[in-house]
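Student: Fold the following.
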Amino acid sequence: MADIIGTNVAWPGYSAGNATKASSKGGNLGKDDFLKLMMAQMQNQDPLSPMDNTQMVAQMAQFTSVEQLVNISEQLTAMSQSLGNNSGLIGKQVSWTAQTKTGDYSLETGQAEVITVKESGIVDSIVVRSGVHYVKVGDKEIPIDQIVQVDNPPEPEVPEVPEVPGDTNDAGEAGES
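Tutor: Numbers count the residues shown, from 1 in each chain. Model prediction:
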């Protein structure tokens, strides 16, 4: 009977931090699950017809590629939420959809009736709480991901100065008195 010898395999680009993030997702196979399946496949293969090396290398390459794509996606998400990008919204007019519950309930659905209104205002500042970025418009704080439109603020109207009748300064009139 053959002894099974465990191997300590190091995968390129594989980090323990990524493994904990991947395995914490409920219901989805993560990176650790992939490695466990691959190790089980290698340990339980038929010794007379072992697994093809090219297949194993291809699987490892796919695994590394997927892991790097996940890392790039996380970095892009972090960049889109960066304070530097969001600070460009200060002084801009933003619009968002606000929802208000009326207190009335629909007998058909058993749900509260909700009024949806599009609101807008000029951004005063950016606030960050628990990693979530908000724009501050007056006393309201709106999450960045709820903004549906960004515009330049409307030009302020310059009031016209009315002319006062009889306020002419002609030299001919002043000398005749």
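
Student: Show me which parts of the longest strand along the chain are buried, residue by residue.
Tutor: With secondary structure taken from DSSP state E, the chain has its longest strand at strand 93-105. Buried positions in strand 93-105, judged by neighbour count with 16 or more other CB atoms under 10 Å: 93-94, 96. For every residue, glycine as well, the C-beta is placed using N, CA and C.

Student: Tell me the first helix or strand C-terminal of it.
Tutor: Following strand 93-105 in sequence order, the next helix or strand is strand 112-122 (DSSP states H and E).

Student: Outside of that following strand itself, list whatever touches it.
Tutor: Applying CB atoms under 8 Å, 6 or more residues apart in numbering, the external contacts of strand 112-122 come out as 91-106, 137-138, 140, 148-149, 153.

Student: who does whatever helix or strand residue 74 lives in touch, helix- and strand-wise?
Tutor: Element membership for residue 74 (DSSP H and E) is helix 53-80. In this structure, helix 53-80 packs against helix 16-23, helix 31-43, with contacts taken as 3 or more CB pairs under 8 Å, 6 or more residues apart in numbering; DSSP states H and E.

Student: can you state the direction angle for the longest strand of the chain and strand 112-122?
Tutor: Angle, strand 93-105 to strand 112-122, by axes from the mean of the first three to the mean of the last three CA atoms, to 10 degrees: 160 degrees.

Student: returning to that earlier point: lowest average pLDDT across the helices and strands packed on helix 53-80?
Tutor: Among the helices and strands packed on helix 53-80, helix 16-23 has the lowest mean pLDDT, at a mean of 55.

Student: Got the domain ranges for the protein?
Tutor: Annotated domains of the chain cover 16-80, 89-151 [automatic domain parsing].

Student: Just say helix, strand or coil for residue 162.
Tutor: coil (DSSP: H, G, I helix; E, B strand; the rest coil).

Student: And for residue 123, the neighbour number?
Tutor: Around residue 123 there are 22 other residues, counting by other CB atoms under 10 Å.

Student: Got the phi and psi for it?
Tutor: phi -70, psi 120 (degrees, to the nearest 10).

Student: surely it meets residue 88?
Tutor: No - using CB atoms under 8 Å, residue 123 makes no contact with residue 88, being 9.6 Å away.

Student: Now do the phi/psi pair for residue 136.
Tutor: phi -100, psi 120.

Student: Next up, the contacts around it.
Tutor: 123-127.

Student: filter those residues to the buried ones?
Tutor: 123, 126.

Student: Report the two of the contacts of residue 136 separated the most.
Tutor: Greatest spacing in the contacts of residue 136, by CB to CB: 123 and 127 (10.6 Å).
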